[in-house]
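Colleague: sequence first, predicted coordinates after that:
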Amino acid sequence: MRVYLGADHAGLELKRELVRRLGAAGYELYDLGVTTFNPDDDYPAYCLNTAARVVADPGSLGVVIGGSGNGEQIAANKVPGIRAALVWSPDTARLAREHNDANVIAVGARMHPIEQAAHLVALFLATPFSGAPRHLRRIEQVSQYEATHTLPPLA
């Protein structure tokens, strides 16, 4: 599986560790930066580029990393076709893939020890989408809104 990774300065150390671990696990990795520590860098460029690469490469997944993961998730979700999930527990990592078919995981490097964050990413990458009709229906509603900007009717 191809995995694209992008991080700002706050996520650099975790990204380096993920590159090491995921590479050893056999993933095909594309590191989109950062490569050196610069406390003045800005996360949007790394997250938007990571998300764009995921959309352009069907079947791939992405990992965006920053201090909290919040801004990284917001930025990635601006790319049409991206379903980025901010993950903070094993359940949210699993459900992001299983129920939402998320294609990007956002992780806050300052929110988790490296071992825990690496576990969340590994769980996300290993979990398949369930394909359950109710989840497909919900994802389609979001996709339709993204394409048309027409709100779905309220029940």
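Modeller: In hand now; what should we look at? Numbering: from 1, shown residues only.
Colleague: please count neighbours and contacts with C-alpha atoms only from this point.
Modeller: Fine.
Colleague: now do Asp101: how many residues are near it, please.
Modeller: 22 (other Cα atoms under 10 Å).
Colleague: my bad, Asp41
Modeller: Neighbours of Asp41 (other Cα under 10 Å): 14.
Colleague: what about it, which SS state?
Modeller: With DSSP: H, G, I helix; E, B strand; the rest coil as the basis, Asp41 sits in coil.
Colleague: same deal with the one 4 residues further on?
Modeller: Put simply, Ala45 is helix when judged by three-state DSSP.
Colleague: list the contacts of it.
Modeller: By Cα atoms under 8 Å, 6 or more residues apart in numbering, no residues touch Ala45.
Colleague: ok, it to Glu28 distance?
Modeller: For Ala45, the distance to Glu28 (Cα to Cα, to the nearest Å) stands at 22 Å.
Colleague: where do the strands sit along the protein?
Modeller: Here the chain has its strands, by DSSP state E, at 2-7, 28-31, 61-66, 84-86, 104-108.
Colleague: quick one: closest of those to Leu14.
Modeller: Leu14 lies closest to strand 61-66 among the strands of the chain, at 7.8 Å (Cα to Cα).
Colleague: how much does the closest one deviate in direction from strand 104-108?
Modeller: Taking axes from the mean of the first three to the mean of the last three Cα atoms, to 10 degrees, one finds strand 61-66 and strand 104-108 inclined to each other by 20 degrees.
Colleague: which helices and strands sit right next to strand 61-66?
Modeller: Applying 3 or more Cα pairs under 8 Å, 6 or more residues apart in numbering; DSSP states H and E, we find strand 61-66 packed against strand 2-7, helix 12-24, helix 43-56, helix 70-76, strand 104-108.
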